[in-house]
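Peer 1: model the structure of this input:
(one chain, ligands or ions: 1)
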Amino acid sequence: MTLESLPIASLPEMAEIWQQTLNWQPTDQQQKQFQQLYELIVEGNRQLNLTRITEPEEFWEKHLWDSLRGIAPKQQFISSLSAGISVIDIGTGAGFPGLPISIIFPNSQITLLDSTRKKINFIDSILSNLSLTNTKTLVGRAEEIGQENKHRQRYDLALIRAVGTASSCAEYSLPLVKQGGLAVIYRGTWTQEESQSLKNAANQLGGVIELIEEFTTPFTNSIRHCIYLRKVVNTPIQFPRAVGIPSQKPL
Ligand SMILES: C[S@@+](CC[C@H](N)C(=O)[O-])C[C@H]1O[C@@H](n2cnc3c(N)ncnc32)[C@H](O)[C@@H]1O
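Peer 2: Sure, this is the predicted structure:
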């Protein structure tokens, strides 16, 4: 059996972990889509250097589980995602956390944004292979997209994983979120100092830290954090700043 034909998503122990950790189980159709997504990513990785996570268990834990775990503590968001809201995944790379969310929430409108055209071209092929009609892609820099009328303050939920410091992630994400909406920053480790600088950054961007959640991953017991920023007032027009400034001079 080749690696990519391993039915990782449908093993019985995976179903148990979904149930225990997220109180939820994928349908057969969603499991099939997870499996297909895995195969397509392993295949795509042969030509494009998309992700270093290609071993089946690692893929399941770090891409599938981790992507969905980020939205789990927000019950009200799960309900609204099920009913249908607008979501943007900023710096989606090979499609995480956005793609697993597209699969689980067909009623929500998902936008996958990345500055690298080759990654977005690859995601476009995944979307057509998986028939994910609720999802579209966008090539661009978050600093520029956040200043476009079409996108600024238009999303109920913004997700951002592994795109920079917490303060730059706040500057990329909060301008895109509607008042009352939420930005979720996915992180590995987290420190008190980061909380302080993120609090200052969020405050300038019209957001507040609503929750910082620490959890461990189910296979490797790695520590993860998700930071939930609520957008409370409109973001001042000077944010996001010009391309490169949020990362070079974090708020
Ligand atoms: C380390 S990868 C993370 C990919 C994915 N979110 C994940 O966690 O697997 C960072 C991605 O963010 C994109 N990126 C970095 N800065 C960006 C920006 N300012 N605007 C849009 N995309 C950006 C890069 O092209 C890259 O694909």
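Peer 1: make sure Gln179 is indeed in a helix.
Peer 2: No - going by DSSP: H, G, I helix; E, B strand; the rest coil, the assignment for Gln179 is strand, not a helix.
Peer 1: wait, it sits on Gly207?
Peer 2: No - in this structure Gln179 lies outside contact range of Gly207 using CB atoms under 8 Å: 10.0 Å. In this view, the C-beta of every residue, glycine as well, is placed from N, C-alpha and C.
Peer 1: what is in contact with the two at once?
Peer 2: Any residue near both Gln179 and Gly207 by CB atoms under 8 Å, 6 or more residues apart in numbering counts here, and that gives Lys231, Val232.
Peer 1: more neighbours, the two?
Peer 2: Neighbours per residue (other CB atoms under 10 Å) separate Gln179 from Gly207, with Gly207 holding more: 26 against 12.
Peer 1: how far away is the more buried one from His63?
Peer 2: Gly207 sits 27 Å away from His63 when distances are taken as CB to CB, to the nearest Å.
Peer 1: now do the strands in the protein.
Peer 2: Secondary structure of the chain (DSSP state E): strands located at 86-90, 109-114, 135-139, 155-161, 177-187, 207-216, 223-231.
Peer 1: list the buried ones in stretch 130-143?
Peer 2: For stretch 130-143, burial by neighbour count (16 or more other CB atoms under 10 Å) applies to Leu130, Leu132, Asn134, Thr135, Thr137, Leu138, Gly140, Arg141, Ala142, Glu143.
Peer 1: got phi/psi on the closest residue to Gly84 other than its chain neighbours?
Peer 2: Once flanking residues are discounted, Gly84 sits nearest to Asn107: 3.8 Å by CB to CB, 6 or more residues apart in numbering. With angles defined as degrees, to the nearest 10, Asn107 sits at phi -80, psi -10.
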